[in-house]
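J.: I'd like to go over a predicted model; first the sequence, then the structure.
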Amino acid sequence: MQGLELKNLEKHYSGNDQPTIRRFSAKFEPGEFVVLVGPSGCGKSTLLRMIAGLVPVSNGAINLDGKDITNVESNLRNISMVFQNYALFPHMNVYENLAFGMRIRKEATQTIEKTVTEAAKILHLQDLLDKKPGALSGGQRQRVALGRAFVRKPKVILFDEPLSNLDARLRIEMRQEILKFHEQCGAISIYVTHDQHEAMTMADRMIILNQGVACQTGTPEEVYNNPVDQFVAGFVGSIPMNFIHGRGILNEGRSFFQVGSYKIDLSHIGKDYQLDWSKNSGGLTLGVRPEDIYLDEHYSHAVAPSPKMAAQVKMVEYLGDSTIVHLEGDIGSFKSRFNKDLRVRKSQKLDFVFDLKKLHLFTEEGNKLPC
Amino acid sequence: MSVRRLILYVMLTAGAVSFIYPFLWMGSISLRPMTEFQDLGLFSKNFTLANYQAVFDRIPIGRAFMNSCLIAGTVTCSVIFFSSLVGYSLAKLKFKGQGAIMAIVMISMMIPGQLTLIPLYQLIVYFGWADSYLGLIVPSLMSGMGILIFRQTFMTIPYELMEAARMEGAGEFQILRKIFWPLAKPAIVTIGILTFMGSWNEVLWPMIVVHEKAMMTLPQMVVLFTKGGESGGQFGVEMAANMMLVVPIIISYSFFQKYFVEALASSGIKG
Ligand SMILES: Nc1ncnc2c1ncn2[C@@H]1O[C@H](COP(=O)(O)OP(=O)(O)OP(=O)(O)O)[C@@H](O)[C@H]1O
Ligand SMILES: [Mg+2]
């Protein structure tokens, strides 16, 4: 089988009572750009290091193009890595940094020169070859790091938060550069970040990791529209999903979500839940994205409106292309995203509706109920 | 320039002169005839190399100089090489017994040298290394201080550099040679100078293990010469011998001074 396959990978650092990575399985096709995303400390770097061969695997197997490389030395794996702080050798100039691996492998001078020149051309480093990393800007260092990964012609390139040291504007620019570079390489790219926005914009496919477990794998659209649990729902999205905590009740054979005096008939959401709400104390969380909340009467025909609810404007964040409104109502506080043309003032009292087709329901354990 | 500044400069200059003057005077006396040794000035019409001639005539000081160079040179290279190996493994690798090795290094630095003098001498005699280069060199091939300075320096080098090198196929020794040594240049120079000076100036140990003139080190010979009577109490001749002892150190220090100061400042070790 072509590609990279991880089978039930586990990592247990000695001294920690909990394993850092638990039964992680995934397949990566050649040419795929997969983003691994998760909160700090969830084990993203550990997973990359296991793939790179820098950290021994406690359990499970890694296959590359059908060969088991679980215990192969990291330099023989045909895998490159781009580190967060670039890890350029400060005492060598750009040329020597790019040539380092080939010098270690004692390749011929002409081969080295040819390969370095080629990489330098692709990454626009020709004029920087005799500079030391200390004399380069953040973006240039980043490109040298990419070049060093490229010269090996690897089958897999691992990126560990490569953009987190750059300022916001450069980061957006480098995202494009990395994607372009990825296309030229044709390798499998596995890209780690804790920035979900970066993940959404770059990924062919994303894997969401939480406490060493892969919660969900899918395209950014799938993950955004159909999160498998409350963690993923809350993690993905630049303004997090609103969670409204209430309870499920059964009334005359129909299920309702209720918080205070506000009620939504769950049969409108999709399924008719024939659940015994009293069994698990009835706790139920409603998830709604800020863009799926509408001012009453302002929604289009495509929207299936929920019953109205009243809320007061607490704060208005004007972003230029849209406006984020912080609201406080009987159902608790939540945020909504509105069209930039809509003007609301602080302390204003307004009526809102949710789009019933876009709601998510989570049990108390954070599991998603089918919608 | 403010008055405070002026006062500061005057005081600093006075301090510098009071340190340097005795050295200059020593140099001056070594170049002047015996009769002028009570003159505290630096200049004379009668400069001569006669005192140096006398030293060369009376003792094999050239041979002693070569011995010292050989011993201090070997010890310095060896301390840099082996201490950096140990420092690297203590700073960047993980292995069983690491704590114990660290403890041994620390303890070896806490025990005063005088305490180990006799057992060490017995050991050297047992090996048959008295009156030989081995007896002079082997006991100082490693240095606890060197290990600690290297460990400290290497700890500041990020793991990612090692990992990047390792992914390219570099082994531990290549990582040390191609990355850690070049990045630790100031530490290497500091340890180099401290070790070289320490070895060059060592008198006690050579006195104990060496009795043959041909194997003697420069300071040993100069001390024996000036205190042991061979100089005949001639002050100028004694100074000439002393000059031959200190000049190599001064030259090498001024050569590496830039690195040395930099390294002392960054390693937090007081000279
Ligand atoms: N060498 C190690 N020894 C013991 N525990 C470790 C080691 N490296 C990492 N860990 C632990 O494993 C967990 C995951 O660490 P890891 O660096 O993989 O997280 P991460 O997802 O990359 O986080 P971040 O986003 O902050 O980089 C952490 O709790 C960390 O303390
Ligand atoms: Mg990390």
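T.: That came through fine. What you see is a predicted model, and the numbers here were worked out from it, not measured in a lab. Ligands and ions are numbered 1, 2, ... in the order given.
J.: and A:Ile62, what does it touch?
T.: Residues in contact with A:Ile62 (Cβ atoms under 8 Å, 6 or more residues apart in numbering or on different chains) are A:Leu4, A:Glu5, A:Leu6, A:Lys7, A:Leu9, A:Met50, A:Ile51, A:Asp68, A:Ile69, A:Thr70. C-beta: built from backbone N, CA, C; applies to glycine.
J.: I'd like those as JSON lines, with pLDDT, secondary structure and neighbour count appended.
T.: Compiled in JSON lines, the contacts of A:Ile62 are given as follows (pLDDT from 0 to 100; DSSP: H, G, I helix; E, B strand; the rest coil; neighbours: other Cβ atoms under 10 Å in any protein chain shown):
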{"residue": "A:Leu4", "pLDDT": "94", "secondary structure": "strand", "neighbour count": "24"}
{"residue": "A:Glu5", "pLDDT": "93", "secondary structure": "strand", "neighbour count": "17"}
{"residue": "A:Leu6", "pLDDT": "94", "secondary structure": "strand", "neighbour count": "22"}
{"residue": "A:Lys7", "pLDDT": "93", "secondary structure": "strand", "neighbour count": "16"}
{"residue": "A:Leu9", "pLDDT": "93", "secondary structure": "strand", "neighbour count": "24"}
{"residue": "A:Met50", "pLDDT": "94", "secondary structure": "helix", "neighbour count": "24"}
{"residue": "A:Ile51", "pLDDT": "95", "secondary structure": "helix", "neighbour count": "25"}
{"residue": "A:Asp68", "pLDDT": "93", "secondary structure": "strand", "neighbour count": "12"}
{"residue": "A:Ile69", "pLDDT": "93", "secondary structure": "coil", "neighbour count": "20"}
{"residue": "A:Thr70", "pLDDT": "92", "secondary structure": "coil", "neighbour count": "18"}
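J.: sort out which one of these lies nearest B:Tyr88 for me.
T.: Using Cβ to Cβ, A:Met50 comes nearest to B:Tyr88 of those, at 24.6 Å.
J.: surely the closest one meets A:Ile69?
T.: No - counting by Cβ atoms under 8 Å, A:Met50 does not reach A:Ile69; the two are 10.8 Å apart.
J.: per-residue pLDDT of the residue of chain A most remote from its centre, please?
T.: The outermost residue of chain A relative to its centre, with distances by Cα atoms, centre = their mean, is A:Glu252 at 42.4 Å. Note on A:Glu252: pLDDT of 77.
J.: do A:Phe257 as well
T.: 86.
J.: that one sits in which helix or strand?
T.: strand A:254-259 (DSSP states H and E).
J.: packing partners of that strand?
T.: For strand A:254-259, the elements it packs on are strand A:242-251, strand A:262-265, strand A:283-288, judged by 3 or more Cβ pairs under 8 Å, 6 or more residues apart in numbering or on different chains; DSSP states H and E.
J.: could you find the closest non-adjacent residue to the residue of the stretch 151-271 of chain B found nearest ligand 1?
T.: Nearest residue of the stretch 151-271 of chain B to ligand 1 (Cβ to the nearest ligand atom) works out as B:Tyr159 at 9.4 Å. Distance criterion Cβ to Cβ, 6 or more residues apart in numbering or on different chains; nearest residue to B:Tyr159, sequence neighbours excluded, is B:Lys92 at 7.3 Å.
J.: now do A:Leu48
T.: Nearest residue to A:Leu48 in three dimensions, chain neighbours excluded: A:Leu158, at 4.8 Å (Cβ to Cβ, 6+ apart).
J.: what's the burial count for the one you found?
T.: Neighbour count of A:Leu158, defined by other Cβ atoms under 10 Å in any protein chain shown: 27.
J.: list the contacts of residue 49.
T.: The chain I'm using is chain A. A:Val55, B:Glu163.
J.: right idea, wrong chain: chain B
T.: Counted by Cβ under 8 Å, 6+ apart, B:Leu49 has contacts B:Leu31.
J.: same thing with A:Gly253?
T.: Counting by Cβ under 8 Å, 6+ apart, A:Gly253 touches no other residue.
J.: surely B:Ala103 forms part of a helix?
T.: Yes - using DSSP: H, G, I helix; E, B strand; the rest coil, the assignment for B:Ala103 is a helix.
J.: against A:Ile157, how distant is it?
T.: Distance from B:Ala103 to A:Ile157, counting by Cβ to Cβ, to the nearest Å: 43 Å.
J.: who has more neighbours, these two?
T.: Taking neighbours as other Cβ under 10 Å, B:Ala103 and A:Ile157 compare with A:Ile157 leading, 23 against 11.
J.: any idea how far the helix or strand the more buried one falls within is from the chain center?
T.: Taking DSSP H and E as the definition, one finds A:Ile157 inside strand A:156-160. The chain centroid and the centroid of strand A:156-160 are separated by 15 Å under Cα atoms, centre = their mean, to the nearest Å.
J.: same check, this time on stretch B:135-150
T.: Relative to the centre of its chain, stretch B:135-150 is centred 12 Å away, using Cα atoms, centre = their mean.
J.: now stretch A:126-143
T.: In terms of Cα atoms, centre = their mean, the centre of stretch A:126-143 is set 29 Å apart from its chain centre.
J.: is ligand 1 contacted by the strand holding A:Ile157?
T.: No - using Cβ under 6 Å from any ligand atom, strand A:156-160 stays clear of ligand 1, coming no nearer than 7.3 Å.
J.: residues in contact with that strand?
T.: Residues from elsewhere that reach strand A:156-160 (Cβ under 8 Å, 6+ apart): A:4, A:28, A:44-45, A:48, A:51-52, A:64, A:77-84, A:149, A:178, A:182, A:185, A:187-192.
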